[in-house]
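Participant: okay, here's the prediction I keep looking at, along with the sequence it came from:
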Amino acid sequence: MPASAYGALGAFPRTRLRRNRADAWTRRLVAENRLSVDDLIWPIFVIEGENRREAVTSMPGVERMTIDLASEAVAGARDLGIACVALFPVVPAALKSEDGAESYRPDNLMNTAIRAIKAAVPDVGLLCDVALDPYTSHGHDGIVRDGRIVNDETVEVLARQALSQAEAGADIVAPSDMMDGRIAAIRDLLDGHGHELTRICSYAAKYASAFYGPFRDAVNSGGFLKGDKRTYQMDPANAEEALREVALDLNEGADMVMVKPGLPYLDIIRRVKGTYGVPTFAYHVSGEYAMLRAAAGNGWLNYENALMETLMSFKRAGSDAILTYAAPDAARLLKQG
């Protein structure tokens with residue numbers, strides 16, 4: 001709206017915008033956006049073994065968990081009102097390979113976790129990462145041939161991985177690889193095997209970002225990565241390209257789209273939601289979370305206040321749901337009111 005139009009709505013002193021800020025009840029009454037526990041998705045890291053936890057040192061408060069403990073944690077998240085968790089496997093080095101074949105083995109760590117968690121907590125949705133980087137010995141999200149990531153061959157493996165997850169009980173498969181054409185291939189394979197109700201959440205606008213470092217520590221892929229991911233993840237300079245990526249994925253059958261990272265790309269979230277009006281998720285990524293924790297740990301900001309302000313910024317930008325490692329913290333704060 002032009003500035004002149006705002007001027008026509010009133011002028012000081014008759015118009016005092018502070019009136020509606022004067023009391024807590026008024027602020028609640030006129031709030032333009034609301035954050036709810038229904039907006040939260042909690043990413044968790046699963047490891048092999050039993051009754052074992054490992055702290056992720058670069059992400060204070062975050063732990064890798066064996067499947068038994070992860071099932072208990074998901075039950076606790078459900079009790080807080082969290083409706084969905086995102087699963088990420090920590091694959092042992094001995095199971096990594098050049099082609100990432102472990103990714104679609106029916107009884108791999110991810111699929112075993114899906115079955116166990118769905119059996120223990122059937123009323124919580126499972127969003128499952130579809131990507132090869134946890135499974136490849138070179139740390140890339142695709143198959144490497146002659147020093148290059150090959151797109152179409154990678155897509156075939158990703159589709160097999162997504163199908164194996166759907167057969168294990170995944171509610172949402174979430175391709176995070178940024179290969180061209182993978183949504184159509186996954187949708188076709190799922191539908192062809194009777195999984196037409198399995199949802200696809202596409203990481204449609206995933207940028208080649210410096211904010212992923214702690215995540216790579218958490219899944220033990222960073223040390224394996226040879227080179228970088230700029231030939232398939234998006235250039236941070238580009239915004240119009242993000243809209244093209246989203247359009248392609250929607251046309252191929254995506255049910256939801258993701259923008260990743262979150263805070264540096266609020267403008268992209270706003271444009272995607274405003275342009276397409278589809279379910280739009282944001283990923284409050286590991287580096288963003290770690291910055292909050294580190295600053296709070298040094299006494300430089302209030303963690304709880306900064307967290308809730310951050311999450312509200314995602315809602316204001318247009319996010320329908322937010323993946324955040326702080327989901328249990330936010331849920332508890334929302335419960336307190």
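Facilitator: Okay, I see it. Numbering: from 1, shown residues only.

Participant: put the alpha carbons of stretch 247-255 into PDB.
Facilitator: Taking Å, rounded to 0.1, in the frame of the first residue of the first chain, the C-alpha atoms of stretch 247-255 are listed here in PDB:
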ATOM      1  CA  ALA A 247       7.000 -24.400  -9.800                       C
ATOM      2  CA  LEU A 248       8.800 -27.400 -11.300                       C
ATOM      3  CA  ASP A 249       8.400 -29.500  -8.100                       C
ATOM      4  CA  LEU A 250       4.700 -28.600  -7.700                       C
ATOM      5  CA  ASN A 251       4.100 -29.600 -11.300                       C
ATOM      6  CA  GLU A 252       5.800 -32.900 -10.700                       C
ATOM      7  CA  GLY A 253       3.600 -33.700  -7.700                       C
ATOM      8  CA  ALA A 254       5.100 -32.200  -4.500                       C
ATOM      9  CA  ASP A 255       2.500 -31.700  -1.700                       C
END
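
Participant: who touches that stretch?
Facilitator: 172, 180-181, 183-184, 186-187, 199-202, 204, 257, 276, 278-279 (C-beta atoms under 8 Å, 6 or more residues apart in numbering). C-betas here are computed from N, CA, C, even on glycine.

Participant: now with 6 Å, please.
Facilitator: Residues from elsewhere that reach stretch 247-255, judged by C-beta atoms under 6 Å, 6 or more residues apart in numbering: Ile183, Ala184, Arg187, Arg199, Ile200, Ser202, Ala204.

Participant: OK, contacts around Ser97?
Facilitator: Ser137.

Participant: run the last query once more with 8 Å
Facilitator: Contacts of Ser97 by C-beta under 8 Å, 6+ apart are Tyr135, Thr136, Ser137.

Participant: quick one: secondary structure of Ala204?
Facilitator: Using DSSP: H, G, I helix; E, B strand; the rest coil, the structure places Ala204 in strand.

Participant: hmm, I was thinking of Ala174
Facilitator: Ala174 ends up strand, using three-state DSSP.

Participant: report the beta-bridge partners for it.
Facilitator: Asp129 (DSSP bridges).

Participant: surely it is in contact with Leu126?
Facilitator: No - between Ala174 and Leu126 there is no contact under C-beta atoms under 8 Å: 10.1 Å.

Participant: show me the strands in the chain, by range?
Facilitator: 40-47, 53-55, 63-66, 84-89, 125-130, 143-145, 148-150, 172-175, 199-206, 256-260, 280-284, 321-324 (DSSP state E).

Participant: hey, which of those is tucked in deepest?
Facilitator: strand 280-284 (a mean of 28; mean count of other C-beta atoms under 10 Å).

Participant: only C-alpha atoms, please: export that strand in PDB.
Facilitator: Provided in PDB are the C-alpha atoms of strand 280-284 (Å, rounded to 0.1, in the frame of the first residue of the first chain):
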ATOM      1  CA  THR A 280       5.300 -23.800   2.600                       C
ATOM      2  CA  PHE A 281       7.800 -25.000   5.200                       C
ATOM      3  CA  ALA A 282      10.900 -23.400   6.600                       C
ATOM      4  CA  TYR A 283      14.000 -25.100   8.000                       C
ATOM      5  CA  HIS A 284      15.500 -23.300  11.000                       C
END
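
Participant: what lines up beside that strand in the sheet?
Facilitator: strand 256-260 (parallel), strand 321-324 (parallel).

Participant: which stretches of this protein have low pLDDT?
Facilitator: 1-8, 222 (pLDDT under 70).

Participant: which parts of stretch 325-337 are buried?
Facilitator: If you call a residue buried by 16 or more other C-beta atoms under 10 Å, then stretch 325-337 has these buried ones: Tyr325, Ala326, Ala327, Pro328, Asp329, Ala330, Ala331, Leu333, Leu334.

Participant: got those residues as JSON lines, with distance to Glu50 columns?
Facilitator: Below are the buried residues of stretch 325-337 laid out as JSON lines (distance: C-beta to C-beta, whole Å):
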{"residue": "Tyr325", "distance to Glu50": "24"}
{"residue": "Ala326", "distance to Glu50": "27"}
{"residue": "Ala327", "distance to Glu50": "25"}
{"residue": "Pro328", "distance to Glu50": "23"}
{"residue": "Asp329", "distance to Glu50": "27"}
{"residue": "Ala330", "distance to Glu50": "30"}
{"residue": "Ala331", "distance to Glu50": "27"}
{"residue": "Leu333", "distance to Glu50": "32"}
{"residue": "Leu334", "distance to Glu50": "33"}
